[in-house]
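Chemist: Only the shape, not the letters, is given here:
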DNA sequence: TATTGTTATACTCTATAACTATA
DNA sequence: TATAGTTATAGAGTATAACAATA
């Protein structure tokens, strides 16, 4: 069958009014279902659930959702936490080294550090020996915040370990350690 | 130390010319380093490498990079592959069921299905019994493409298994299976 | 009134590319 | 010529919010 055949691609504009957007504040949405969601017949996941990529994505969704929720109490994202941790472990690093270590684009990392600097968590100063570099340090505020973030991360892991069992948790940690080497 | 003190936040506009953007086509960039990248001293990852979230992200980077590269040969993303797989395993599903099963927003899924429909891989037709529904089926082209995608995924997993060892691979699969249950 | 799907908006990530300043 | 960093841009993904059609 060729692409674009047999009724495929019809979809007559079902609601083509636009540009209304009056921002009516009342009638606050609740478009996520309360119940009647459990009453739906579950989908077969087919081969998908056997694929490693799918499983890793499920794991990431689970773990990141919980970690993000806990870090959000400090207005910090997982990526920001990683950067703070790396700066603390390597005082005076430059931005490119962090970007490469975390597999983040240097442009994106620059914006991220901008934000941390504006919040007074990171000090960015020009290197004396090579003026192309910015060297990064945690401020006292950054060090203090990081000390409060770590227990939040630990709480998250403890919760997961309790949910899946400490044995399964440590096996998971061990199995994932193969990815810590170079990419 | 308060935020915004002691030289923090200075950053004197180091290159404030903008709006040049002439799109000179020659001199094609090569801004990623050829060598001299191995010569850099490696960063200490500090506590970060012990955190589960960090390990899962490393794993995801590794696996998705390889899978994406292989699927890109068919101009398909991992998310599109998942949707095609789910439609094949559940002919006649509606969009919301897929979105919930994959933890994708329904708005984003709509755009994704739009794309697959335009390529003639998915047929989207109105349900006869409930006219709010679109029911989704793979076209013959979609079925045929999926049959060619699966070996690409299998190749990727085989490559990883060879790299880390079949024992480590199956332990990884088993350890990750705890996330297949409900979130 | 609740549900399915679409559209719009915004914000983040990612990936490129071009540019400045420096080496 | 190569490197560190910034800026701009475009594409995805995510998260809301509003809306139409339908139940």
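Modeler: On my side now, so go ahead. The model shown is predicted, which means the values in this text are computed figures rather than measured ones. Numbering: from 1, shown residues only, chains lettered A, B, ... in the order given.

Chemist: so, in contact with chain B or not, the lowest-mean-pLDDT helix or strand in chain A?
Modeler: When each helix and strand of chain A is scored by mean pLDDT, DSSP states H and E, strand A:122-126 comes last, with a mean of 91. Yes: using C-beta under 8 Å from any C-beta of the partner chain, we find that strand A:122-126 touches chain B at A:122-125. Placement of C-beta: from N, CA and C, glycine included.

Chemist: which helices and strands does that strand pack with?
Modeler: helix A:78-89, helix A:106-118, strand A:134-138 (3 or more C-beta pairs under 8 Å, 6 or more residues apart in numbering or on different chains; DSSP states H and E).

Chemist: quick one: that strand to helix A:78-89, angle?
Modeler: Counting by axes from the mean of the first three to the mean of the last three C-alpha atoms, to 10 degrees, strand A:122-126 lies at 60 degrees to helix A:78-89.

Chemist: before we move on, back to that, kindly reformat the helices and strands packed on strand A:122-126 as CSV containing mean pLDDT.
Modeler: Converted to CSV, the helices and strands packed on strand A:122-126 look like this (pLDDT from 0 to 100):
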stretch, mean pLDDT
helix A:78-89, 96
helix A:106-118, 94
strand A:134-138, 93
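
Chemist: Of these, flag the one that's most buried.
Modeler: Burial among these, expressed as mean neighbours by mean count of other C-beta atoms under 10 Å in any protein chain shown, is greatest for helix A:78-89, which shows a mean of 21.

Chemist: Can you name every helix or strand that that one contacts?
Modeler: Packing partners of helix A:78-89 (3+ C-beta pairs under 8 Å, 6+ apart): helix A:52-72, helix A:95-102, helix A:106-118, strand A:122-126, strand A:134-138, helix A:140-164.

Chemist: Can you confirm whether the third one lies near chain B?
Modeler: Yes: for helix A:106-118 and chain B, the contact criterion (C-beta under 8 Å from any C-beta) is met by A:117-118.

Chemist: if we can go back for a sec, closest one to DNA strand C out of the residues of strand A:122-126 next to chain B, please.
Modeler: The shortest approach to DNA strand C among the residues of strand A:122-126 next to chain B belongs to residue A:125, at 13.6 Å (C-beta to the nearest atom of the strand).

Chemist: quick revisit: rebuild the helices and strands packed on helix A:78-89 as a markdown table, extending it with distance to residue B:94.
Modeler: Supplementary listing: those in a markdown table, determined by distance: least, C-beta to C-beta, whole Å:
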| stretch | distance to residue B:94 |
| --- | --- |
| helix A:52-72 | 21 |
| helix A:95-102 | 39 |
| helix A:106-118 | 36 |
| strand A:122-126 | 47 |
| strand A:134-138 | 49 |
| helix A:140-164 | 31 |
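
Chemist: In chain A, where is pLDDT below threshold?
Modeler: Along chain A, the parts satisfying pLDDT under 70 run over A:1-41, A:182-183.

Chemist: try 90 this time
Modeler: Judged by pLDDT under 90, chain A has its weakly predicted residues at A:1-47, A:125-134, A:181-183.

Chemist: The host helix or strand of residue A:170 close to chain B?
Modeler: Assigned by DSSP states H and E, residue A:170 falls within helix A:166-176. Yes: counting by C-beta under 8 Å from any C-beta, chain B has neighbours in helix A:166-176: A:168-169, A:171-176.

Chemist: can you pick the most crowded of those residues?
Modeler: Greatest neighbour count in the residues of helix A:166-176 next to chain B, by other C-beta atoms under 10 Å in any protein chain shown, goes to residue A:172: 25 neighbours.

Chemist: In contact with that one: list those residues for me.
Modeler: A:164, B:52, B:175-176, B:178 (C-beta atoms under 8 Å, 6 or more residues apart in numbering or on different chains).

Chemist: if we look at DNA strand C, which of those are close to it?
Modeler: The subset of the contacts of residue A:172 within reach of DNA strand C, by C-beta under 7 Å from any atom of the strand, is empty.

Chemist: Reformat these as a markdown table; add distance to residue B:142.
Modeler: Putting the contacts of residue A:172 into a markdown table (distance: C-beta to C-beta, whole Å) gives the following:
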| residue | distance to residue B:142 |
| --- | --- |
| A:164 | 36 |
| B:52 | 37 |
| B:175 | 33 |
| B:176 | 28 |
| B:178 | 32 |
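
Chemist: Kindly present those as TSV, with separate columns for distance to DNA strand D.
Modeler: Formatted as TSV, the contacts of residue A:172 follow (distance: C-beta to the nearest atom of the strand, whole Å):
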residue	distance to DNA strand D
A:164	22
B:52	19
B:175	22
B:176	18
B:178	20
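
Chemist: between the residues you listed, which is nearest DNA strand C?
Modeler: residue B:52 (17.7 Å).

Chemist: Perfect, that will be all.
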